[in-house]
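Peer 1: This is a predicted model, with the sequence first.
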Amino acid sequence: VDLERLLPATDPLDRQITLGCGAFIELFDLAARANNYRAEIALWPEGEPQPRLDRRPVARIKLHAEATTKDQLFDHVLTRRTNREPLQGDTQAMRLDWTRSSDQLAAMRALAWSGFALECATPAAYQESVDLMRIGLAEIAQHRDGIALDGPVVEFAKAVGLLNRRMLADTSNSFTRDGINAYQPLAENAPSFAWLISRENTRSAQIAAGRTYARFNLAATSQGVAMHPWSQTLQEYPEMAALYADAKRLTGAAESETTQMLVRIGYGQAIEPAPRRGLAEHLRT
């Protein structure tokens, strides 16, 4: 894990970043099998770091050249998206579930918006998002990560001094408030929500949850279904504690279980891929 890219305010136990590592491992495994390699994956070879991640490796992977069978989910890796546009309705110690009644859907919609609004109202947590906002095409091209803000309105506002990172950090600013409020109808009109629950919450269980989520996302993509993670209420910082308990209750997680992912799901328009850093940024030699 790149320790300089952690988010201690919103992910104080590094659970979410560990899920991301699990998703990466699953995609790596799919790519290996598609190219006649078997990936021998050893998790936490120097031990599971607790309560925070450290410089110990998440996994060591050895590739063996041999005839393999490509998983058909691999065909959807380059078309998979996190879709933040409006949507329309139509394993091992893990279980996947989704909203099954109008009452449950209404409660999940309210929970999702409450979590988003609370995070924006929590200075340390919201500042982590602001720090990762890339304002305009020039910043997006320079960094190729984080939260991209683009379009004619953004470019104009930045050019005339109406938009900068200091203003974005001020939630009383009208431009910032409008941007936050734009997410409310996305939550309140969500056609459905789905979630992933793990029996345990060890580091290895978090990796498994990340791998499971990657496969779920790819399977949804193969069927033309869009997904948008909306997991603010699953974050473990103190201000979110009450909504965290609500999320656990609404998803049906037992006291000993952990809801690892919560997503908005439905049918959406095709969108372009998000800017991402190149392969060289992820390799050490």
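Peer 2: Now that the structure is in, tell me what you want to look at. Residues are numbered from 1 along each chain as shown.
Peer 1: so what does the longest strand along the chain touch, helix or strand wise?
Peer 2: The residue-count maximum for a strand in the chain (DSSP state E) belongs to strand 258-266. When contacts are defined as 3 or more C-beta pairs under 8 Å, 6 or more residues apart in numbering; DSSP states H and E, strand 258-266 sits against helix 15-34, strand 192-198, helix 203-222, strand 226-229, helix 241-251. To be clear about C-beta, it is placed using only N, CA and C from the backbone, and glycine gets the same treatment.
Peer 1: wait, which of the ones you listed is closest to residue 276?
Peer 2: With C-beta to C-beta as the criterion, residue 276 lies closest to helix 15-34 of those, at 12.1 Å.
Peer 1: which SS class is residue 11?
Peer 2: coil (DSSP: H, G, I helix; E, B strand; the rest coil).
Peer 1: What count of nearby residues applies to it?
Peer 2: By the criterion of other C-beta atoms under 10 Å, residue 11 has 23 neighbours.
Peer 1: Tell me if I'm right that residue 261 and residue 228 touch.
Peer 2: No - between residue 261 and residue 228 there is no contact under C-beta atoms under 8 Å: 11.3 Å.
Peer 1: neighbour count winner among the two?
Peer 2: residue 261 (25 against 20).
Peer 1: what's the spacing between the nearest residue to the more buried one once chain neighbours are set aside and residue 24?
Peer 2: Take residue 261 and drop its neighbours on the chain: the residue closest to it by C-beta to C-beta, 6 or more residues apart in numbering is residue 196, 4.3 Å away. Distance of residue 196 to residue 24, computed by C-beta to C-beta, to the nearest Å: 17 Å.
Peer 1: what about the two, which has more around it?
Peer 2: Using other C-beta under 10 Å, the more surrounded residue of residue 196 and residue 24 is residue 196, with 22 against 17.
Peer 1: Return the residues in contact with residue 51.
Peer 2: residue 13 (C-beta atoms under 8 Å, 6 or more residues apart in numbering).
Peer 1: Report the secondary structure state of it.
Peer 2: With three-state DSSP as the criterion, residue 51 reads coil.
Peer 1: which ones are touching the spatially most central residue of the chain?
Peer 2: Taking C-alpha atoms, centre = their mean, the centroid of the chain lies closest to residue 229, which sits 5.2 Å from it. Neighbour list for residue 229: 82, 261-264 [criterion: C-beta under 8 Å, 6+ apart].
Peer 1: what about the residue lying closest to residue 163 once chain neighbours are set aside, how many neighbours?
Peer 2: Distances taken as C-beta to C-beta, 6+ apart put residue 157 closest to residue 163, at 3.7 Å, once the chain neighbours are dropped. If you count neighbours by other C-beta under 10 Å, residue 157 ends up with 18.
Peer 1: If you average the pLDDT over the helix or strand where residue 157 lies, what comes out?
Peer 2: Using DSSP states H and E, residue 157 falls within helix 152-159. Confidence over helix 152-159 (mean pLDDT, whole number) is 93.
Peer 1: Would you indicate which residues of it are buried?
Peer 2: Buried positions in helix 152-159, judged by neighbour count with 16 or more other C-beta atoms under 10 Å: 154-155, 157-158.
Peer 1: go on, stretch 36-56?
Peer 2: Quick answer for stretch 36-56 (16+ other C-beta under 10 Å): 37, 39, 41, 43-44, 49, 53.
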